[in-house]
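Trainee: Model the structure of this input:
(one chain, ligands or ions: 1)
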Amino acid sequence: MTADSPDITRFVDPASRLDPYPLLARFRAASPYVVSDGLLVAGRHADCSAVLRDPRMSSERYRSRLSPGVKGPRTRNFLDLDPPDHTRLRRLVVKAFTPRVVAKLEPRIRELTEGLFQEAARRDRFEIVSELAYPLPLRVICELLGVPFEDRDLFEDWSGKLSETLEPPFPGLVAPRASTDAVRARAEFITYFRELIAERRRSPRDDLVSHLVQAEESGDRLSETETLATCVLLINAGHETTVNLISNGVLALLNHPDQLKLLRENPALAPAAVEEVLRYDAPVQMTSRVARGDGHIGSLPVRDGDTVVLMLGAANRDPEVFDEPDTFDVTRPQGAKHLSFSAGPHFCVGAGLARLEARIAFELFVTRVAAPSLAEDGLMYKPNLTLRGPDRLTVLFDDIQ
Ligand code: HEM
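Mentor: Numbers count the residues shown, from 1 in each chain. I've put the predicted structure just below:
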């Protein structure tokens, strides 16, 4: 760490959740730099983008020098694997999320979203997180996987606990008790899916779990452990992220009434608004890679086994890439690319689905909710740094059509 590198513990402090961006700007300006032995931070767009596309930068995070003695991956989930295993497992699921498949989901997603707005209309407050942003993506991913939505309370509990495992290895961040919760949650998730998979093996349906089971049975393309890990990955990635996209977007629109008005008058701007929310307030703020062999990020030397934390939320506001990066502008030209869905071989499988869900949610929010405003004490953030978003976002309104 150099004399002018910002103090990472200030970032870890819950007080920075409301607006971490001034601090992130300082991390970006000082980056890339060494936080402590074996731990590096990159926040510039060019560096993050290069690391994400660099095959020598591994997603197999157990290789980190920060976790000595860990022999292999905790699960066989392909977010945490490199080629060739990553390529083999990813190929089996991307088919289920192609643009054509996702486009066919639009009527069902619209119907579900309409239903959530109708329910909200019966109340005098709209709690965006629990009444829209959470149930919509969870319901959609449950239907795709063929998992009973009635078990949503279990998933909500387990996924919440697993979110901690995505936190960066910054000093003072993960409480030991919390990690025990995460281990238990993972075990319970696995047991749940083991039973569901056994059932789909006996009587297959037209859903993603059945398709994965068939792929497993038709050869050595994936093992039972890999089927299980893929199911857990999909259900988690499928909703714990999109909830933040929808909530962060509604909050940004409430905080920028001129942009809300623009979108209401011109709903065709909705896809651009989704991209701007992704850039302005990234739902997944960070990811990491572990160096295989010695090398460099810019002029900073990197050693074998070093962990590089990539601050995607900082990269998305890099003034080298985006004009007036701190301005929320739904008409921003779409040339430059945010990194909210990552880049390179791990680029988010569900990006198209998340974009579609958010677009419909924003369209309905701006056109159906009359005179929306943030309730007093209506905003509270989740503690997580990586999965950034509100825990509660309560909106007052005159009417919902
Ligand atoms: C990977 C973000 C929604 C499934 C990723 C990564 C990011 C990300 C940043 C890559 C991490 C890395 O490179 O280390 C997001 C955001 C979402 C979202 C911001 C919503 C706004 C979804 C949805 C699904 C999904 C709806 C549903 C299927 C996945 C999967 C991977 C992934 C399976 C692993 C890809 C791989 O390792 O090859 N996502 N995601 N995501 N995402 Fe998403």
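
Trainee: rest of the way, CA atoms for contacts and neighbours
Mentor: Fine.

Trainee: how far does stretch 243-258 sit from the chain's center?
Mentor: 16 Å (Cα atoms, centre = their mean, to the nearest Å).

Trainee: Could you pull up the mean pLDDT of that stretch?
Mentor: Mean per-residue pLDDT for stretch 243-258: 98.

Trainee: now stretch 32-44
Mentor: Per-residue pLDDT values over stretch 32-44 give a mean of 94.

Trainee: List the contacts of A370.
Mentor: By Cα atoms under 8 Å, 6 or more residues apart in numbering, the contact set of A370 is 397-400.

Trainee: again, only this time at 6 Å
Mentor: 397-399 (Cα atoms under 6 Å, 6 or more residues apart in numbering).

Trainee: tell me which of those residues is nearest to the ligand?
Mentor: F397 (25.6 Å; Cα to the nearest ligand atom).

Trainee: picking that back up, with respect to S59, which of the contacts of A370 is nearest?
Mentor: Distance to S59 across these (Cα to Cα) is lowest for F397, with 44.6 Å.

Trainee: how close does the nearest residue in space to G43 that is not next to it in sequence get to the ligand?
Mentor: Nearest residue to G43, sequence neighbours excluded (Cα to Cα, 6 or more residues apart in numbering): R28, at 4.3 Å. As judged by Cα to the nearest ligand atom, to the nearest Å, R28 and the ligand stand 18 Å apart.

Trainee: number of nearby residues for D206?
Mentor: Neighbour count for D206, taken as other Cα atoms under 10 Å: 11.

Trainee: Hmm, I typed the wrong one, I wanted V94.
Mentor: By other Cα under 10 Å, the residues close to V94 number 12.

Trainee: Per-residue pLDDT of it, please?
Mentor: Listed pLDDT for V94 reads 92.

Trainee: Skipping its backbone neighbours, what lies nearest it in space?
Mentor: Once flanking residues are discounted, V94 sits nearest to V349: 6.2 Å by Cα to Cα, 6+ apart.

Trainee: so how many other residues sit close to the residue nearest to T230 when sequence neighbours are not counted?
Mentor: Distances taken as Cα to Cα, 6+ apart place N77 nearest to T230, at 5.5 Å, with adjacent residues excluded. Using other Cα under 10 Å, N77 has 22 other residues around it.

Trainee: how near is N77 to S59?
Mentor: N77 sits 11 Å away from S59, taking Cα to Cα, to the nearest Å as the criterion.
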